[in-house]
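Asks: Here is my input, please return the structure:
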Amino acid sequence: MTIQAIAANSGVQPGTTASGTTAPKPAQTMDSSMFMNLLVTQLKNQDPSAPMDTNQMMGQTIQLSMMEKMTELSTGAKESFSLQMRTAAAQIIGHNISYALADGTKGSGVASSVSFAGGVPTVAVGGVNIPLDSISGMTAAASPAPTA
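Replies: Residues are numbered from 1 along each chain as shown. Down below sits the predicted model:
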């Protein structure tokens, strides 16, 4: 009697589901809802004859509070940076700027307008929209000579 090898070839590639869609990647970050779910699950499943140490519970609650405050601080810092970029872009209007784009294009000209449509403000120079982070220099625009 011979035994045949078993081959598991389902035709499904690793990282995909049977319907052919990509399998979702697990979240790699911890948020407050995940932390609360863990804490509630731990409380539900604790041994009634040996309940959780109150010091441990307080420590976990403090960790949750600290995580929420750090998230708020991070959000506030991002909003502050965004506002700072918008203010800087608005102050460039009317000034002569020089720029170097990611594709190697270099140029200069007078900034005529600012757009806040994307994640990074863009400054219009001669019909070309220049991202704020591509600007390499700025000088005051030449003022016209006074007429007598």
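Asks: where along this structure do the strands fall?
Replies: Ranges of strands in the chain, per DSSP state E, are 96-100, 106-115, 122-125, 128-131, 135-139.
Asks: Report the separation between residue 58 and residue 36.
Replies: Noted for residue 58: a distance of 15 Å to residue 36, by CB to CB, to the nearest Å. All C-beta spots, glycine's among them, are computed from the backbone N, C-alpha and C.
Asks: quick one, which of these two is more surrounded?
Replies: Per other CB atoms under 10 Å, whichever of residue 58 and residue 36 has more neighbours is residue 36, with 13 against 10.
Asks: Next, the contact list for the residue lying closest to that one once chain neighbours are set aside, please.
Replies: Sequence neighbours aside, residue 64 is the residue nearest to residue 36 in space, at 7.0 Å (criterion: CB to CB, 6 or more residues apart in numbering). By CB atoms under 8 Å, 6 or more residues apart in numbering, the residues touching residue 64 are 32, 35-36, 39.
Asks: of those, closest to residue 110?
Replies: residue 32 (48.6 Å; CB to CB).
Asks: how far away is the closest one from residue 38?
Replies: Here the distance between residue 32 and residue 38 works out to 11 Å (CB to CB).
Asks: now residue 136
Replies: Distance from residue 136 to residue 38, by CB to CB: 49 Å.
Asks: Could you check stretch 55-66 and say which residues are buried?
Replies: Buried positions in stretch 55-66, judged by neighbour count with 16 or more other CB atoms under 10 Å: 60, 64.
Asks: on that earlier part again, closest one to residue 87 among the strands of the chain?
Replies: Across the strands of the chain, closest to residue 87 is strand 106-115 (CB to CB), at 10.4 Å.
Asks: What are the buried residues along the closest one?
Replies: Of all the residues in strand 106-115, those buried under the rule 16+ other CB under 10 Å are 109, 111, 114.
Asks: Can you name every helix or strand that the least confident helix or strand in the chain by mean pLDDT contacts?
Replies: Among the helices and strands of the chain, helix 32-44 carries the lowest confidence by mean pLDDT, DSSP states H and E, at a mean of 80. For helix 32-44, the packing partners by 3 or more CB pairs under 8 Å, 6 or more residues apart in numbering; DSSP states H and E come out as helix 54-92.
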